[in-house]
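Participant: Structure for the following, please:
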Amino acid sequence: MAQGQYKRKLTTSCSAEERTSESRSLILERFILAGVAAGLIVAVGVGIWHQYFREKPSGEPQFAVEIRCNVLNAVVVVRSPEHSDTLIVCEGSRDAIVFLAFQGLDVPRDIAIELFARLPAVVSATATGCYLESERRALVLVYSQFRKFKTWFGIPIDRSLYRSLVSHEVAHLVADYNFKISKPTIQAKEYIAYVTQFSTMEPAFRERVLSHFPCKAFEGDWQMSTTIYMFDCMGFGVRAYRHFLLLTDGDQYLHAILNGEALSE
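Facilitator: Numbers count the residues shown, from 1 in each chain. Prediction:
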């Protein structure tokens, strides 16, 4: 499905929370600054934030626990300051790997996920996870820190949400290995990550999350812009997933994104 296949229309984003005009102006200011800072990509709100940067996190701790999970032909290495989160991180990783492999993506043999009580300083204070493109490492908050956000996607935080957070980050990593273009757009990366995240949730839990977002599916590529994502990252994710559900050739559309035939500027 090539970009520009649909007639362009104006569209609005949706959100689980109402925003004031002041907050919108702050978001716009942040978006402008993000455009100036080449290579730095952030989302808006308490959602999944992503930084695509080259700096290695400073002062990285020595991890107390390192476990390895075998998923298909991949080995997932989970490093954590504590043992309690490692099993669910393996489960979230498996969810993403199995889903994306079923869609025909190649899965790297070695995948690294590291858990932190505090993410690197260059990441926003409201970040829950990030992906280091240059090092192909996924970083996620430990669950005890993630819970401090209280709610996420409009519902109280629990381990099901945490598992989906891991799936989102691992999807970024796997997709990175499969992009055939050097500079995919933000919306291309996030479409794949959010589709993976929602597709791998338990059906009843997924419906509970989606019920907080009454917005409709994206009608086509022309509606999925960096601006829409920056203003409402969660709404973008919900609309992307609903768009994916309407496709008769979802796997082909994902490959069109990876090949630069869709969601490219």
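Participant: so where does residue 177 fall, helix or strand?
Facilitator: helix 159-178 (DSSP states H and E).
Participant: Alpha carbons of that helix, as PDB, please.
Facilitator: Taking Å, rounded to 0.1, in the frame of the first residue of the first chain, the C-alpha atoms of helix 159-178 are listed here in PDB:
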ATOM      1  CA  ARG A 159       1.800  -6.200  35.100                       C
ATOM      2  CA  SER A 160      -0.200  -6.600  31.900                       C
ATOM      3  CA  LEU A 161       0.600  -3.000  31.000                       C
ATOM      4  CA  TYR A 162       4.200  -3.600  31.900                       C
ATOM      5  CA  ARG A 163       4.400  -6.600  29.700                       C
ATOM      6  CA  SER A 164       3.000  -4.600  26.800                       C
ATOM      7  CA  LEU A 165       5.600  -1.900  27.400                       C
ATOM      8  CA  VAL A 166       8.300  -4.500  26.900                       C
ATOM      9  CA  SER A 167       6.700  -5.700  23.800                       C
ATOM     10  CA  HIS A 168       6.600  -2.200  22.400                       C
ATOM     11  CA  GLU A 169      10.300  -1.700  23.000                       C
ATOM     12  CA  VAL A 170      11.300  -5.100  21.600                       C
ATOM     13  CA  ALA A 171       9.200  -4.300  18.500                       C
ATOM     14  CA  HIS A 172      11.300  -1.200  17.900                       C
ATOM     15  CA  LEU A 173      14.500  -3.300  18.200                       C
ATOM     16  CA  VAL A 174      13.300  -6.100  15.800                       C
ATOM     17  CA  ALA A 175      11.900  -3.500  13.300                       C
ATOM     18  CA  ASP A 176      15.200  -1.700  13.300                       C
ATOM     19  CA  TYR A 177      16.900  -4.900  11.900                       C
ATOM     20  CA  ASN A 178      14.300  -5.100   9.200                       C
END
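Participant: Quick check: mean pLDDT of that helix?
Facilitator: For helix 159-178, mean pLDDT is 97.
Participant: Which elements pack onto that helix?
Facilitator: In this structure, helix 159-178 makes packing contacts with helix 86-102, strand 110-116, strand 129-132, strand 137-141, helix 143-146, helix 186-199, judged by 3 or more Cβ pairs under 8 Å, 6 or more residues apart in numbering; DSSP states H and E. C-betas here are computed from N, CA, C, even on glycine.
Participant: Looking at these, which is nearest to residue 209?
Facilitator: helix 186-199 (7.7 Å; Cβ to Cβ).
Participant: So for that closest one, mean pLDDT?
Facilitator: 98.
Participant: list the helices and strands it packs on?
Facilitator: helix 86-102, helix 159-178, helix 203-210, helix 226-231, helix 233-246, helix 250-258.
Participant: just to revisit the earlier point, tell me which of the helices and strands packed on helix 159-178 lies nearest to residue 172.
Facilitator: That would be strand 129-132 among those, by Cβ to Cβ, at 4.2 Å.
Participant: And the residue nearest to residue 247 when sequence neighbours are not counted, how far from residue 224?
Facilitator: Closest residue in space to residue 247, ignoring its immediate chain neighbours: residue 253 at 5.4 Å, by Cβ to Cβ, 6 or more residues apart in numbering. Noted for residue 253: a distance of 12 Å to residue 224, by Cβ to Cβ, to the nearest Å.
Participant: ok, now residue 257?
Facilitator: Relative to residue 224, and taking Cβ to Cβ, residue 257 is found at 10 Å.
Participant: which residues are common contacts for these two?
Facilitator: 191, 263 (Cβ atoms under 8 Å, 6 or more residues apart in numbering).
Participant: These two: which is more packed in?
Facilitator: residue 257 (28 against 24; other Cβ atoms under 10 Å).
Participant: wait, doesn't the more buried one sit right on residue 192?
Facilitator: Yes - here residue 257 reaches residue 192: they are 6.4 Å apart, a contact under Cβ atoms under 8 Å.
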